[in-house]
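[1] turn this into a structure:
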Amino acid sequence: MFELTPVELKLLRLGLNLGAREGEIQGASRKFFDSLRRRGVSAEAFETALQGTSNGSLSASQQSRPDYGKCTMPFHRSKYYGQMFMDIPPGALRATLRWIESDEELRQKFSELAFEITEFFKQSQTN
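    I've put the predicted structure just below:
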């Protein structure tokens, strides 16, 4: 049995995101499988992990849950560039999320960032 790493989970979500562009899907897929291969995960182990669940998806106990507070701000021109979400004022993250949600093209382009910010807020409320 194996667990997906936080990076692999992120790549899987990006590759399956309906708003992702073709290049993003291809890149995420390639990196996802490269990561599994580097770790020596066989197709059989992957199939066994999926078949070992009732609905074909990995259960929460089989997944490693990423700490979204450790995600970093990707915008070079932001004064918070490179800083982890947990070190950025919540108001700045909310403003970034509002900006992303203000336009359909931005929603598609930055869907993963919006997801990470939203998940960070959810984790912060439960901790």
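[2] any idea which element the closest residue in space to Pro74 that isn't next to it in sequence lies in?
    Distances taken as Cβ to Cβ, 6 or more residues apart in numbering put Leu113 closest to Pro74, at 6.5 Å, once the chain neighbours are dropped. From N, CA and C alone the C-beta is placed, and that goes for glycine too. Under the assignment given by DSSP states H and E, the secondary-structure element containing Leu113 is helix 111-126.
[3] buried ones in that helix, by neighbour count?
    Using 16 or more other Cβ atoms under 10 Å as the burial criterion, the residues of helix 111-126 that qualify are 111-117, 119-121, 123.
[4] tell me the pLDDT of the residue nearest to Pro74.
    Per-residue pLDDT puts Leu113 at 92.
[5] using CSV, write out the CA atom coordinates for stretch 25-38.
    The C-alpha trace of stretch 25-38 is given here as CSV (Å, rounded to 0.1, in the frame of the first residue of the first chain):
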residue,chain,number,x,y,z
ILE,A,25,-3.3,19.0,-17.8
GLN,A,26,-0.4,17.5,-19.8
GLY,A,27,2.2,18.9,-17.5
ALA,A,28,0.5,17.8,-14.3
SER,A,29,-0.1,14.3,-15.8
ARG,A,30,3.6,14.0,-16.7
LYS,A,31,4.8,15.2,-13.4
PHE,A,32,2.3,13.0,-11.5
PHE,A,33,3.4,9.8,-13.2
ASP,A,34,7.1,10.8,-13.1
SER,A,35,6.8,11.2,-9.3
LEU,A,36,5.1,7.8,-8.9
ARG,A,37,7.8,6.2,-11.1
ARG,A,38,10.6,7.8,-9.1
